[in-house]
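Chemist: based on what follows, work out the 3D shape:
(one chain, ligands or ions: 1)
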Amino acid sequence: MRQKIRDDPYPVSGRGYVHVCPGCGDPLELYDTRDGDQAYWCHRCQRGHRAGSPPPEALRPEQAS
Ligand SMILES: [Zn+2]
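Modeler: Have a look, this model is predicted:
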């Protein structure tokens with residue numbers, strides 16, 4: 001029987017990659033921006049980037065379990 005994956009509090013982009021903060025390494029939260037786009041944001045560093053144009057440092061391969 002296939003179990004539904006629990007809703008993950010952290011957004012995962014693409015296949016096997018997770019968005020993390022380039023500054024502190026924390027998982028980023030996905031927000032809707034006022035212009036209808038989406039952006040990842042780090043509360044600790046108070047900075048982020050648009051979901052469509054993440055810096056390479058923000059994409060971290062998901063650790064295999
Ligand atoms: Zn950060």
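Chemist: mind checking what secondary structure the closest residue to Glu57 other than its chain neighbours has?
Modeler: In space, and not counting its chain neighbours, Glu57 is closest to Pro22: 3.8 Å by C-beta to C-beta, 6 or more residues apart in numbering. In this view, the C-beta of every residue, glycine as well, is placed from N, C-alpha and C. Under DSSP: H, G, I helix; E, B strand; the rest coil, the three-state class of Pro22 is coil.
Chemist: now swap in Pro54 and tell me
Modeler: Quick answer, by three-state DSSP: Pro54 is coil.
Chemist: nearest residue to it other than its sequence neighbours?
Modeler: Using C-beta to C-beta, 6+ apart, the closest residue to Pro54 is His19 (6.4 Å).
Chemist: could you do Arg44 as well?
Modeler: In space, Arg44 is closest to Cys24, 5.2 Å off (C-beta to C-beta, 6+ apart).
Chemist: list the contacts for the one you found?
Modeler: By C-beta atoms under 8 Å, 6 or more residues apart in numbering, the contact list for Cys24 reads 42, 44-45.
Chemist: residues in contact with the residue nearest to Glu57?
Modeler: By C-beta under 8 Å, 6+ apart, the neighbours of Pro22 are 55, 57-58.
Chemist: out of the residues you listed, which is most surrounded?
Modeler: Ala58 (20 neighbours; other C-beta atoms under 10 Å).
Chemist: next one, pLDDT for that one please.
Modeler: Turning to Ala58, the model gives it a pLDDT of 93.
Chemist: one step back: filter the contacts of Cys24 down to the ones near the ion?
Modeler: 42, 44-45 (C-beta under 5 Å from the ion).
Chemist: ok, the contacts of Pro22 vs the ion, which is closest?
Modeler: Ala58 (9.9 Å; C-beta to the ion).
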